[in-house]
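[1] fold the stuff below for me.
(chains A and B)
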Amino acid sequence: MATVTINQAEKTYPNGYKAIHGINLAIENGEFTVLVGPSGCGKSTLLRMIAGLEGISSGEISIDDRVVNKVAPADRDIAMVFQNYALYPHMNNYNNMAYGLRNRGYSKSEIDNKVRDAARILQLEELLERKPGQLSGGQRQRVAMGRAIVRQPKVFLFDEPLSNLDAKLRVDMRLEIKNLQQRLGITSVYVTHDQVEAMTLADRLIVMNGGVAEQIGSPIEIYEKPATQFVAGFIGSPAMNFLTGTVSDDRTHVTVGDGVKLDLDHDVEAGRTVTVGIRPEHLTLVDAQEGRINAEVRMVESLGAETLAYLDFGANADSVTLRVQGTHQFAKNEKLSLSVAADKIHLFDAQSGKRI
Amino acid sequence: MYQSKWRIFTNHAILILGALFMIMPVWIAFSSSSYTPEYIFQNGLQFWPGAHFFDNYGAILFDPSATKGRVTALEMLFNSMVLGLGFAIGKVIISMMAAYAIVYFRFKLAVPIFWVIFSTLLLPLEVRIVPSYEVVAGLGLLNTYTGLILPLIASATGTFFFRQFYRSVPDELLEAARLDGAGPIRFFIDILVPLSVTMIAAIFIIMFVVGWNQYLWPLLMTTDDQLYTIVIGIKQVYNSLYEGGQIPQFPKAFALTIMATIPPVLVVVVFQRMFVKGLVETEK
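    Predicted structure coming up:
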């Protein structure tokens, strides 16, 4: 149980590459924080800086108000779960979990108690004598988590722990991790590039891009009010539709494509060029008339619970994605009319990508 | 892959011929070692074993005069064993530690140092044999096991193999160990050494055979019969073949040769599986 405070942390590699550009973050006691972003955004680097596996070029990282910049990884009272599990292949699962305790000088009986407790929580009791090579991916991941929880650390760090698992197992393990974290109440930092994992696990989500935290907030906050065009495009699947548009003189609508007028409800100056963001689920099918997007079906994906249609419209063949609930038969080249409520339109500055 | 009968037949024929080609001289040496010297002298090399197997082998194993020196074949086998084991164990330990330093510790000269070690592959022992002899003589280590083994145990080959192996060990393992509170020595002993077992076995076998077959260095280093290795012993026996006056002891020379080949062959046969495993796969 601990807080983690990151104050203006930066990371510059010896070759001059700056991976982290000054991040500020306060993680509260027991909070599940998820770092999400595309590969190369610095999320793993930040996690490894918290772990002490990467040095901190400037700024401070504190765990429970103790600055840990110079503290060795083993002395930070953290535990980490790696993407490839990083179990010791020559040790059986019991010893994998016990190794860290042995190095810390616990007595034999203490170690035995702790390992068996952890094994019971994770349902690994039957597998303790086996070696990691004899386990399935999901079981290995559980052993790796066991190795983390036996130490009862102040902070759990997860580095894309589920990305080596198949889709079904990933969902199961996701629930298991969430469950475990809530039960143990240990402050956790979790890195992933998978937005579904990010949305479902996080108490607080940090969307990173290019070494900068683009937005920090609860998953729903970020979904409903993305701070930048990048965040809007990254969170939500299928991705948000972006169209370039111009705000009308009376500021009641924005013109996109070749003259489609969408109603506006924003406080934005007239004539400004903006990026219009519309989530695929916020487009609704309507009768053809003025002010609607009159589009043609290019491709359809039926997922059962929902149907995705990829549409083109206008002379410039602007494209949008439409998402409707349930199954829906669209023919190729079928003409559709779409509208969107004014309060579901996101506007971003065309240059900076900042939310308006 | 589909193979026709004809193809299987030719493949086997070629392999069998190759095997015969390699084995035949050894077989003839073995057969000829079981005759009396007089018989071989009169009739030449023999293809089928004769009746004096136990006489000849018994004599060279236990009777110093049979090997024309003051040392029996048994003692020479022991010396060879000491040299082979010392050579192999020394090389494995030294090269593991050298590779560990090169791969896991980021010191400035790691790369140049590695290439210096690696380039010594180009320089065989013979190139440095005179200075090495000087050093050993200066330290007063002539005619000792230490002097015989120590100058040989630095190994570029071993360092290279272990370096390649360590580089293939995932970094996360080191990181996990660091988080588990293992320092550099603990990590080496608890994680790296157990992971390298097959590699160690492979290097050990190669080095044991190389050490066993050392010729020039022991020849230079040992002037005392008591330290002769079996390879040197063979040479002594053959030497005496030309010293006239007696019937050449061909069968005993052959017997010594056969005995010199048995231990390395046994080591390779017994450890073959581990050996191949260590060279072609890694347990991760």
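
[2] what's the burial count for residue 197?
    Reading this off chain A. Neighbour count of A:Glu197, defined by other CB atoms under 10 Å in any protein chain shown: 25. (C-beta placed from N, C-alpha, C; glycine too.)

[3] my question was about chain B
    B:Val197, neighbours per other CB under 10 Å, totals 14.

[4] so how far is chain A from it?
    Taking CB to the nearest CB, to the nearest Å as the measure, B:Val197 falls 8 Å from chain A.

[5] go on, B:Ala201?
    Using CB to the nearest CB, B:Ala201 is found at 14 Å from chain A.

[6] helix or strand for residue 20, which one?
    You didn't pick a chain, so chain A it is. Counting by DSSP states H and E, the element that carries A:Ile20 is strand A:18-27.

[7] let's do chain B instead
    Per DSSP H and E: helix B:5-32 holds B:Leu20.

[8] so what does that helix touch, helix or strand wise?
    Packed against helix B:5-32 by the contact rule (3 or more CB pairs under 8 Å, 6 or more residues apart in numbering or on different chains; DSSP states H and E) you find helix B:250-280.

[9] pull the distance from the helix it packs on to the chain's centre.
    9 Å (CA atoms, centre = their mean, to the nearest Å).

[10] so for it, what gets flagged as buried?
    Burial within helix B:250-280, assessed by neighbour count using 16 or more other CB atoms under 10 Å in any protein chain shown, is assigned to B:250-261, B:263-264, B:267, B:271, B:274-275, B:277-279.

[11] restrict the lengthiest helix in chain A to CA atoms and write it as PDB.
    Counting by DSSP state H, the longest helix found in chain A is helix A:167-184. Taking C-alpha atoms only, helix A:167-184 is exported to PDB below (Å, rounded to 0.1, in the frame of the first residue of the first chain):
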ATOM      1  CA  ALA A 167      -7.700 -13.700 -26.900                       C
ATOM      2  CA  LYS A 168      -9.900 -15.700 -24.700                       C
ATOM      3  CA  LEU A 169      -7.300 -16.200 -22.000                       C
ATOM      4  CA  ARG A 170      -6.500 -12.600 -22.100                       C
ATOM      5  CA  VAL A 171     -10.100 -11.700 -21.100                       C
ATOM      6  CA  ASP A 172     -10.100 -14.300 -18.300                       C
ATOM      7  CA  MET A 173      -6.700 -13.100 -16.900                       C
ATOM      8  CA  ARG A 174      -7.800  -9.500 -17.200                       C
ATOM      9  CA  LEU A 175     -10.700 -10.100 -14.900                       C
ATOM     10  CA  GLU A 176      -8.500 -12.100 -12.600                       C
ATOM     11  CA  ILE A 177      -5.900  -9.300 -12.400                       C
ATOM     12  CA  LYS A 178      -8.600  -6.800 -11.600                       C
ATOM     13  CA  ASN A 179     -10.100  -9.000  -9.100                       C
ATOM     14  CA  LEU A 180      -6.800  -9.700  -7.400                       C
ATOM     15  CA  GLN A 181      -5.800  -6.100  -7.300                       C
ATOM     16  CA  GLN A 182      -9.100  -5.100  -5.700                       C
ATOM     17  CA  ARG A 183      -8.800  -7.900  -3.200                       C
ATOM     18  CA  LEU A 184      -5.200  -7.100  -2.200                       C
END
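
[12] buried residues in it?
    Going by 16+ other CB under 10 Å, helix A:167-184 has these buried residues: A:169-170, A:173-174, A:176-178, A:180-181.

[13] the nearest residue to B:Ala260 once chain neighbours are set aside: how many residues sit nearby?
    Spatial nearest neighbour of B:Ala260, excluding adjacent residues (CB to CB, 6 or more residues apart in numbering or on different chains): B:Ile230 at 4.4 Å. Using other CB under 10 Å, B:Ile230 has 29 other residues around it.

[14] separation between B:Ile230 and chain A?
    Using CB to the nearest CB, B:Ile230 is found at 37 Å from chain A.
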